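# Quick one, structure for this:
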Amino acid sequence: MGVLPATVYPIFLSFLFFASTLRETSATTVLWTAPAILLSAIMIAWAAEASQYFVAQGFALAILAWLQTLPEFAVEAVLAWHKEEHLLLANLTGALRLLLGAAWPLIYLTAAYFRRRRGQGPLRKIVLEDHHAVEIVGLLLPLLYVPVIAWKGTLTIYDGVVLMIMYIAYLIVLSKLPAEDHEEIDDLESVPRAIVLAPRTKRILAISALFIVGGALIYFSAEPFLASLLALATVAGMPEFVFVQWIAPLVSEFPELASTLYWARRDGRATMSLMNVVSSNINQWTMLTAMLPVVYSISIGTATPIVFDHLQSMELWLTYGQAVIGLIFLFNMEFAWWEALVLAVLFVIPFASKATEQVVTYLYFVGAAVEIIRMIAQRRLPRAFPTFLRVWREHVA
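As a prediction, this is how the structure comes out:
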């Protein structure tokens, strides 16, 4: 699978949704779409877990992130195509904050719970492997550029080109890394272990089939699942902005949450689980964000920037602040229990009152500044950077 086809594939798939808005459906549709999405999450988790022994784990997780975020790309494409400017950032920021504020702490909590059940004691922190420095630097790149978009208050095709280049460079580096050590195959569960040990032809067919069928299930179940929840939201009198910002992302990120928690409960797989979500964060800050002005401009018929209103700008700064402090937490190649707690608490606070969003935004940036000042005062370089340079020298350069 080449790098370029992998990056544009979801954009082309998203155009299949352009013909119409969400079709009306009954709330009971959720009874079959939810199990279908859950099954798809398990299938592509098996495929990704098996494929990491033949390509780099990070690259396998990047491809997995594409499949998991297909519904997110589709929802955003529909909004951009129908020129719903006031809702574009609602869905994007909701999805990003959900991944970092809910998924990261849930991964730690799940890993800690099952570690205690195995009699291994408390989990103080999730320690990342050296090659995960690539994901950390991969997340750093778009976060260095996002303030440019936020300050000027527009998202243009030129911004999209910059973000796309960053993501393609990230994929190229990942593709240079080695596959996982085959000595760890015994740690796999029965299905992925059987795939890894199968003859080459059967192995390729099995991995391909799981990715394709799992991706298809996600793709065709996501729209009716979303429509059924929209029906429930309408009955409950939920505002459209709230639905698009939180309910729709919850649906689109559900496969990813399912697969990451599937890994987090297993010994030694919490890092893979966390990096799966980080890979999706990178995907959405780069390619998903880049897609919006492209589709929007095609819909209008000429290159047109997406202009943010005050609410959208506030949502973007809040989401960016959360991403910055989350990234800084990973700079030392670990994710501690108190960091998971901070992310969870700050994620939940704005739900109590919309007025607290600005306060939480300041807290994110103040917290990030405090962490940076601590690093400078202690004269310590975050371990992610020298580790990335070592990985670069050994596998890329």
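# Select the longest helix from the chain.
What stands out as the longest helix in the chain, according to DSSP state H, is helix 200-236.
# what about that one, average pLDDT?
Mean per-residue pLDDT for helix 200-236: 76.
# what's the answer for stretch 273-280, then?
pLDDT averaged over stretch 273-280 gives 91.
# got the contact list for that stretch?
For stretch 273-280, contacts defined as Cβ atoms under 8 Å, 6 or more residues apart in numbering pick out 48, 57-58, 61-62, 64-65, 68-69, 99-100, 103-104, 107, 110-111, 126, 128, 132, 135-136, 139, 253, 256, 259-261, 263-264, 330, 335. From N, CA and C alone the C-beta is placed, and that goes for glycine too.
# Kindly report the same for stretch 376-391.
Here stretch 376-391 makes contact (Cβ under 8 Å, 6+ apart) with 130, 131, 133, 134, 136, 137, 177, 330, 331, 332, 333, 375.
# Give me the neighbour count for the last one.
Using other Cβ atoms under 10 Å as the criterion, residue 375 is surrounded by 15 other residues.
# What residues of the helix or strand where it lies count as buried?
Following DSSP states H and E, one finds residue 375 within helix 357-377. Buried positions in helix 357-377, judged by neighbour count with 16 or more other Cβ atoms under 10 Å: 357, 360, 361, 363, 364, 367, 368, 371.
# Can you lay out these as a markdown table showing pLDDT and distance to residue 31?
Below are the buried residues of helix 357-377 laid out as a markdown table (pLDDT from 0 to 100; distance: Cβ to Cβ, whole Å):
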| residue | pLDDT | distance to residue 31 |
| --- | --- | --- |
| 357 | 92 | 35 |
| 360 | 96 | 36 |
| 361 | 96 | 39 |
| 363 | 96 | 40 |
| 364 | 97 | 39 |
| 367 | 94 | 42 |
| 368 | 94 | 43 |
| 371 | 91 | 45 |
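# And those residues, which is closest to residue 168?
residue 368 (27.5 Å; Cβ to Cβ).
# Provide the secondary structure category for the closest residue to residue 238 other than its chain neighbours.
Excluding the flanking residues, the one nearest residue 238 by Cβ to Cβ, 6 or more residues apart in numbering is residue 247, at 7.5 Å. Classification of residue 247 by DSSP: H, G, I helix; E, B strand; the rest coil places it in helix.
# immediately after the helix holding residue 375, which helix or strand?
Helix 357-377 is succeeded, C-terminally, by helix 384-391 (DSSP H and E).
# Can you point out the buried residues in that following helix?
384, 387, 388, 391.
# What of stretch 200-211?
Going by 16+ other Cβ under 10 Å, stretch 200-211 has these buried residues: 203, 206, 207, 210, 211.
# mind saving the C-alpha coords of it as CSV?
Coordinates of each C-alpha in stretch 200-211 appear next as CSV, following Å, rounded to 0.1, in the frame of the first residue of the first chain:
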residue,chain,number,x,y,z
ARG,A,200,2.2,-16.1,3.6
THR,A,201,-0.7,-16.2,1.1
LYS,A,202,-3.3,-17.1,3.7
ARG,A,203,-1.9,-14.4,6.0
ILE,A,204,-2.2,-11.7,3.4
LEU,A,205,-5.7,-12.7,2.5
ALA,A,206,-6.8,-12.8,6.2
ILE,A,207,-5.3,-9.4,7.0
SER,A,208,-6.7,-7.9,3.9
ALA,A,209,-10.2,-9.4,4.4
LEU,A,210,-10.3,-8.2,8.0
PHE,A,211,-9.3,-4.7,7.0
